[in-house]
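Participant: Following is a predicted model, sequence given first.
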Amino acid sequence: WGWFSGYGEHSYPHTTAVVVHGLQIARQNDVAIVPGVIERGIEWLKAYQAGQVTLLQNAATKTKPWKTHCDAMDAFVYMVLVDADVANDEMREFLFRDRVQLPVYAKALFGLALHKQQQEEQLAMILENISQFLVQDDENQTAYLRLPEDNWWWYWYGSGVEANAYYLKLLTAVNPQDPRASKLVKYLLNNRKHATYWNSTRDTAVCIEALAEYLVAGGEDQAEI
């Protein structure tokens with residue numbers, strides 16, 4: 001999937017990752033998906049990831065083209081592929097090596113993948129890295145991530161709303177009883193526009209996804225008898 005359709009259109013990793021992630025959630029909830037659509041998206045992301053691994057490997061020998069460290073897109077694609085049971089150990093090691101340089105948003109994405117893979121040691125380090133950015137307001141019973149990338153707001157990984165929502169997903173997956181999770185929930189709910197949505201259709205979708213997972217993990221989706 002790309003930005004636009006028509007002449008000259010080409011696939012784009014972020015759009016493809018967003019769409020595949022959405023289709024994965026749909027499939028998990030028994031929505032009928034056109035056969036082969038998710039699979040083709042996964043194959044494209046696998047090829048993209050393999051190309052990024054090659055660029056990272058080339059940096060050691062200064063073989064052009066290369067890139068010196070992983071970026072947020074690598075973390076997003078890695079998470080989506082792990083959700084599809086596709087694991088690239090080389091990319092995981094590169095992401096862990098470069099974890100300090102990753103945006104906080106990307107750290108949360110990587111953490112979700114590590115949790116699913118049961119990479120407890122690396123996950124513990126990622127959680128510790130993220131916690132350094134957490135601000136807790138005990139008076140209001142809220143918590144949020146103070147992002148150092150706020151001046152990158154025009155990039156997808158500069159979204160504070162999405163970063164907090166994915167951190168909520170991570171805490172919910174690791175330990176839904178973590179008191180920080182409930183504080184993140186309250187913070188996200190308090191920061192809706194007109195009490196109905198956030199900043200865009202995308203960050204609103206991510207928030208709903210995170211809140212739904214929190215409700216299910218805590219058993220709050222069960223009707224009282």
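Facilitator: Okay, I see it. What you see is a predicted model; the values in this text were computed from it and never measured.
Participant: Give me the residues contacting the helix or strand that contains residue 52.
Facilitator: Secondary structure assignment for residue 52, by DSSP states H and E: helix 37-61. With contact meaning CB atoms under 8 Å, 6 or more residues apart in numbering, helix 37-61 is reached by 1, 11, 13, 16-17, 19-20, 23-24, 27, 64-70, 73-74, 77-78, 80-81, 84, 86, 88, 90-91, 94. Just so you know, the C-beta spots here come from the backbone N, C-alpha and C atoms, and that holds for glycine as well.
Participant: so where's this protein shaky on pLDDT?
Facilitator: 149-153, 225 (pLDDT under 70).
Participant: just the strands in it please.
Facilitator: 134-137, 142-145 (DSSP state E).
Participant: Partner strands of the last one, with direction?
Facilitator: To tie it back to what came earlier, the one meant is strand 142-145. strand 134-137 (antiparallel) (DSSP bridges).
Participant: Surely residue 157 and residue 108 touch.
Facilitator: No. Applying CB atoms under 8 Å, one finds residue 157 not in contact with residue 108, separated by 10.1 Å.
Participant: Need the overlap of contacts for the two.
Facilitator: residue 163.
Participant: between those two, which one's more packed in?
Facilitator: A count of neighbours by other CB atoms under 10 Å puts residue 108 above the other of residue 157 and residue 108, at 26 against 21.
Participant: Looking at the strands of the chain, spot the one closest to residue 35.
Facilitator: strand 142-145 (39.1 Å; CB to CB).
Participant: Give me the contacts around the closest one.
Facilitator: With contacts defined as CB under 8 Å, 6+ apart, strand 142-145 is touched by 104, 130, 133-137, 160, 163-164, 167, 180, 183-184, 186-187, 190.
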